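>>> Pasting a predicted model and its sequence here:
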Amino acid sequence: MRLSQCHNFHDFRELARRRLPGPIFNYIDGAADDEVTYRRNTAAFEACDLVPNVLRGVNDIDLSVTVMGQKLALPVYCSPTALQRLFHHQGERAVAAAAGKYGTMFGVSSLGTVSLEEARRISGAPQVYQFYFHKDRGLNREMMARARQAGVEVMMLTVDSITGGNRERDKRTGFAIPFKLNLAGITQFAVKPAWALNYLTHESFRLPQLDSHVDMGGGVMSISRYFTEMLDPSMTWDDVAEMVGHWGGPFCLKGIMSVEDARRAIEVGCSGIVLSNHGGRQLDGSRSAFDQLAEIVDAVGDRIDVMMDGGVQRGTHVLKALSLGAKAVGLGRYYLFPLAAAGQAGVERALELMRVEIERAMKLMGCTSIDQLTRKNLRFR
Ligand SMILES: Cc1cc2nc3c(=O)[nH]c(=O)nc-3n(C[C@H](O)[C@H](O)[C@H](O)COP(=O)(O)O)c2cc1C
């Protein structure tokens with residue numbers, strides 16, 4: 001199977017599955033506990049039908065949106081994800097370049113394997129820096145200063161990961177950073193020698209957002225210890241308010257799900273919220289962002305930019321979320337499997353397929369710009 005034979009999410013997932021060692025594929029593909037939320041994220045879109053209008057003159061379609069003051073050529077963006085160099089040696093470079101080419105925002109994770117400065121140089125499109133709240137307040141301030149210096153536009157604080165999710169697939173394979181594979185896991189690496197050769201012949205694995213503070217690459221600090229020892233579970237809204245003030249620009253909370261929290265995000269001065277359950281990787285049984293979207297948009301949509309992510313695999317999924325009132329929609333595994341399958345070329349192909357799908361669906365819906373998508377176009381079963 002080649003890249004040119006990939007026509008949708010499922011094809012990319014299959015190509016990634018063939019290329020990656022099992023523990024790495026399952027790290028991307030897996031979620032928490034029984035993975036109920038993970039499955040629900042995509043299923044939620046299927047419980048909602050589109051009702052098109054016709055004969056409206058749809059020659060020219062404008063797919064651009066403005067979110068948190070950032071103009072995006074597409075209504076989708078690449079949500080921040082960790083450890084991309086494990087999936088393909090180009091890592092975040094590939095995603096930054098592809099997102100830049102398509103004029104859309106992308107997020108560099110605290111657990112990213114390319115520095116936020118280098119990513120900034122690669123992409124001309126708006127850049128998000130995603131971070132977690134550390135016990136070391138100096139480190140939090142330093143990260144924001146570094147992001148400001150690099151020219152990052154949007155700060156994104158992930159608030160649904162106050163502790164790590166129960167990823168049972170990773171336990172079974174022994175996936176961890178640094179690698180602590182069990183015998184089954186080692187065997188799965190051994191049967192993918194091409195990946196191993198590629199991994200070993202390119203630059204070594206690093207976590208440049210954190211390596212001046214923790215020596216993860218050298219094996220001193222594992223990712224699970226990062227979550228348990230460095231992140232601060234006592235974080236409160238007061239801490240967020242302080243950080244928002246300190247940043248002084250677009251600030252967004254990722255992982256908000258309740259109306260109450262959405263209102264507090266406005267009170268502390270945030271410019272955006274992302275409804276998200278972290279792709280089902282944190283709290284299993286949590287509602288899907290799409291199911292929760294209308295309630296949040298109705299409560300706060302006129303005062304803060306509401307985005308969502310989780311389970312998005314098709315242009316029509318994006319259209320449904322936008323019709324409910326989302327300002328933009330985040331992609332996770334949708335671009336990670338193409339990255340794993342073929343690096344930058346894979347992410348570009350995935351974004352192109354998404355662009356074409358959204359444009360085609362807009363035409364079939366009788367809409368020429370994103371603001372014409374409304375709830376009149378939706379029916380829930
Ligand atoms: C492999 C992987 C790593 C991720 N790493 C991060 C991260 O470092 N920070 C973060 O805020 N979200 C992270 N996420 C969550 C994504 O940003 C996004 O919320 C989620 O993938 C959306 O669900 P989807 O994959 O079904 O599109 C990660 C997701 C995956 C699949």
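That came through fine. Residues are numbered from 1 along each chain as shown.

>>> In contact with the residue nearest to Lys101 when sequence neighbours are not counted: list those residues for me.
Closest residue in space to Lys101, ignoring its immediate chain neighbours: Glu348 at 6.3 Å, by Cβ to Cβ, 6 or more residues apart in numbering. For every residue, glycine as well, the C-beta is placed using N, CA and C. By Cβ atoms under 8 Å, 6 or more residues apart in numbering, the contact set of Glu348 is 98, 101-102.

>>> now do Leu319
When contacts are taken as Cβ under 8 Å, 6+ apart, Leu319 is in contact with 50, 358, 361-362, 365, 373.

>>> Report the buried members of these.
Neighbour counting by 16 or more other Cβ atoms under 10 Å classes 358, 361-362, 365, 373 among those as buried.

>>> So which of the residues you listed is the closest to Phe205?
If you rank the buried ones among the contacts of Leu319 by distance to Phe205 using Cβ to Cβ, Ile358 comes first, at 34.7 Å.

>>> From Ala294, how far out is that closest one?
From Ile358 over to Ala294 the distance is 20 Å, taken as Cβ to Cβ, to the nearest Å.

>>> Show me which helix runs longest in the chain.
Longest among the helix segments of the chain by residue count, using DSSP state H, is helix 333-365.

>>> follow-up on the earlier one: between the contacts of Glu348, which sits nearest Gly280?
When the contacts of Glu348 are compared for distance to Gly280 (Cβ to Cβ), Ala98 wins out at 24.4 Å.

>>> Grab the nearest non-local neighbour of that closest one.
Setting aside the residues directly before and after it, Ala98 is nearest to Val347 in space (Cβ to Cβ, 6+ apart), at 3.8 Å.

>>> And Leu116, by the same measure?
Val108 (4.6 Å).

>>> next one: Gly91
With Cβ to Cβ, 6+ apart as the criterion, Gly91 has its nearest non-adjacent residue at 3.6 Å, and that residue is Arg85.

>>> Pull the residues that contact the helix or strand where Ile273 lies.
Assigned by DSSP states H and E, Ile273 belongs to strand 272-275. The set of residues external to strand 272-275 that reach it, using Cβ under 8 Å, 6+ apart, is 67-68, 79, 154, 156, 250-257, 261-262, 265, 289, 292-293, 296, 300, 304-310, 326-327, 330.

>>> out of the residues you listed, who's near the ligand?
79, 254, 309-310, 330 (Cβ under 6 Å from any ligand atom).

>>> Those: which two are farthest apart?
Greatest spacing in those, by Cβ to Cβ: Lys254 and Gly310 (11.1 Å).

>>> phi, psi of the closest residue to the ligand within the stretch 201-350 of the chain?
Taking Cβ to the nearest ligand atom, the ligand has its nearest neighbour within the stretch 201-350 of the chain at Gly332, 2.1 Å off. Phi and psi for Gly332, reported as degrees, to the nearest 10, are phi -120, psi -90.

>>> Ala94 is in contact with Leu339, isn't it?
Yes - contact criterion Cβ atoms under 8 Å: Ala94 and Leu339 qualify, at 5.7 Å.

>>> and Gly100, what does it touch?
Per Cβ under 8 Å, 6+ apart, neighbours of Gly100: 106, 122-125.

>>> Quick check: phi and psi at it.
Torsion angles at Gly100 (phi, psi; degrees, to the nearest 10) stand at phi -60, psi -40.

>>> quick one: the residue lying closest to it once chain neighbours are set aside and Gln5, what's the gap?
Excluding the flanking residues, the one nearest Gly100 by Cβ to Cβ, 6+ apart is Ser123, at 3.2 Å. As judged by Cβ to Cβ, Ser123 and Gln5 stand 28 Å apart.
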